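Visitor: Structural data only, the sequence is not supplied:
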Ligand SMILES: CC(=O)SCCNC(=O)CCNC(=O)[C@H](O)C(C)(C)COP(=O)(O)OP(=O)(O)OC[C@H]1O[C@@H](n2cnc3c(N)ncnc32)[C@H](O)[C@@H]1OP(=O)(O)O
């Protein structure tokens, strides 16, 4: 991958490592997460201009927002020095992403300050922006001010089932409705590059109204490894948009989304973490109204350290379900 003006960023280092790994052992390459090898591995077309491809597209046939955010952060991170760490990003999804064409990422070097560096990224398809994103990077500046909430007490991932295992359990029910079976098999066919273990999975038969809160353990499929924090932040951006907006629907089992899409997405990165290790994603929706819903999330390391926080508002247009769906 060509060097850009700033010299090689960490991400380029990792891709150099990757190249060396590739040459050393195909086995290592097979273990590397598909997030690293394809979803977040952008092709550099020119200085500050990159092209991304797609790995998994949700059923709604618009690009997965987490992929666009993760790729935009990858593009921004390539133009900053290795001594800077991503600490926040704010973005708007302004048009649906088209799964049939790649996405171009155009990076503007908005400001290089003494401590903070800001990049603006436009994700472009068919000559139009689909996402506008600002990302900010900070040098390490320790401080006596240090506090965080306490991580919720939940069962460990080893004691929970993956989404795939839960689906197989539901599919084994003798009286499962045909349409529910088709829906579940479609979910199974998804090649989502992250493993998810819901802490409070929905009850199969009757979805009663629940609090707009959900928790699940998440991790990237495959190996990413230590050290490349910018890459882990990009994977966290990808992960943070998975099932996030659905938190706002939990109190309404008699409605289902007719049209839903993320409008914006904001993230703050607090500490080092490994997205290829289990992390607890705590999601809640403090508000919904006017065909919109607000969701907030906290990503926790297993040792209880708060790794990242995120917020998102989405458009939620719903229609009544004749009878509560069996999943
Ligand atoms: C979870 C995820 O990853 S989602 C992926 C990431 N997020 C995205 O892709 C969102 C990208 N942004 C967008 O697509 C656009 O900004 C939008 C759709 C959110 C808003 O754009 P607008 O031009 O204002 O669209 P608007 O909301 O008026 O219409 C959108 C659709 O809802 C329909 N609609 C509009 N108003 C209403 C309404 N009151 N009731 C029902 N349907 C409506 C429209 O007919 C349109 O349907 P169509 O696309 O089949 O024509």
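Guide: Noted; the coordinates are in hand. Note that the coordinates shown come from a computational prediction; the quantities given were computed from them, not determined experimentally.
Visitor: what comes up buried for stretch 147-155?
Guide: Within stretch 147-155, the residues scored as buried using 16 or more other Cβ atoms under 10 Å are 151, 154. (Glycine included, C-beta is placed from N, CA and C.)
Visitor: Could you give the average pLDDT over it?
Guide: Per-residue pLDDT over stretch 147-155 has a mean of 98.
Visitor: now do stretch 123-130
Guide: Stretch 123-130 shows a mean pLDDT of 98.
Visitor: From the opening residue of it to its closing one, how far?
Guide: 6 Å (Cα to Cα, to the nearest Å).
Visitor: do stretch 32-47 as well
Guide: 27 Å.
Visitor: Quick one: check it for contact with the ligand.
Guide: No - Stretch 32-47 lies out of reach of the ligand by Cβ under 6 Å from any ligand atom, never closer than 13.6 Å.
Visitor: which stretches of the stretch 101-250 of the chain form strands?
Guide: Using DSSP state E, counting those that start in this stretch, the strands of the stretch 101-250 of the chain run over 103-112, 116-125, 128-139, 194-198, 213-220.
Visitor: And the pLDDT at the residue of the stretch 151-300 of the chain found nearest the ligand?
Guide: The stretch 151-300 of the chain approaches the ligand most closely through residue 261 (3.7 Å), counting by Cβ to the nearest ligand atom. Note on residue 261: pLDDT of 95.
Visitor: The stretch 51-200 of the chain against the ligand: which residues are in contact?
Guide: 62, 64, 65, 93, 94, 95, 96, 97.
Visitor: and the stretch 201-327 of the chain, which residues reach the ligand?
Guide: Within the stretch 201-327 of the chain, the positions near the ligand by Cβ under 6 Å from any ligand atom are 241, 245, 259, 261, 262, 263, 315, 317.
Visitor: Torsion angles phi and psi at the last one?
Guide: Meaning residue 317. Here is the backbone geometry of residue 317 (degrees, to the nearest 10): phi -110, psi 120.
Visitor: how many neighbours does residue 223 have?
Guide: A count of neighbours around residue 223, defined by other Cβ atoms under 10 Å, yields 13.
Visitor: now residue 52
Guide: 24.
Visitor: So what sits opposite it in the bridge?
Guide: Counting by DSSP bridges, residue 52 is bridged to residue 103.
Visitor: how close does it sit to the ligand?
Guide: Separation of residue 52 from the ligand (Cβ to the nearest ligand atom, to the nearest Å): 14 Å.
Visitor: For whichever helix or strand residue 315 is part of, what does the pLDDT average out to?
Guide: Using DSSP states H and E, residue 315 sits within strand 306-320. Strand 306-320 shows a mean pLDDT of 97.
Visitor: where in this structure is pLDDT low?
Guide: 1-31, 60, 204-206, 323-327 (pLDDT under 70).
Visitor: in it, what residue is nearest the ligand?
Guide: Closest contact between the chain and the ligand, by Cβ to the nearest ligand atom, is at residue 65 (3.0 Å).
Visitor: Can you pull the phi/psi pair for that residue?
Guide: Backbone torsions for residue 65, taken as degrees, to the nearest 10, come to phi -60, psi -40.
Visitor: How many neighbouring residues does it have?
Guide: Counted with other Cβ under 10 Å, residue 65 comes out at 29.
Visitor: Give me the distance from stretch 282-290 to the chain's centre.
Guide: Computed by Cα atoms, centre = their mean, to the nearest Å, the chain-centroid distance of stretch 282-290 equals 18 Å.
Visitor: cool, and stretch 87-99?
Guide: Distance of stretch 87-99 from its chain centroid, counting by Cα atoms, centre = their mean, is 12 Å.
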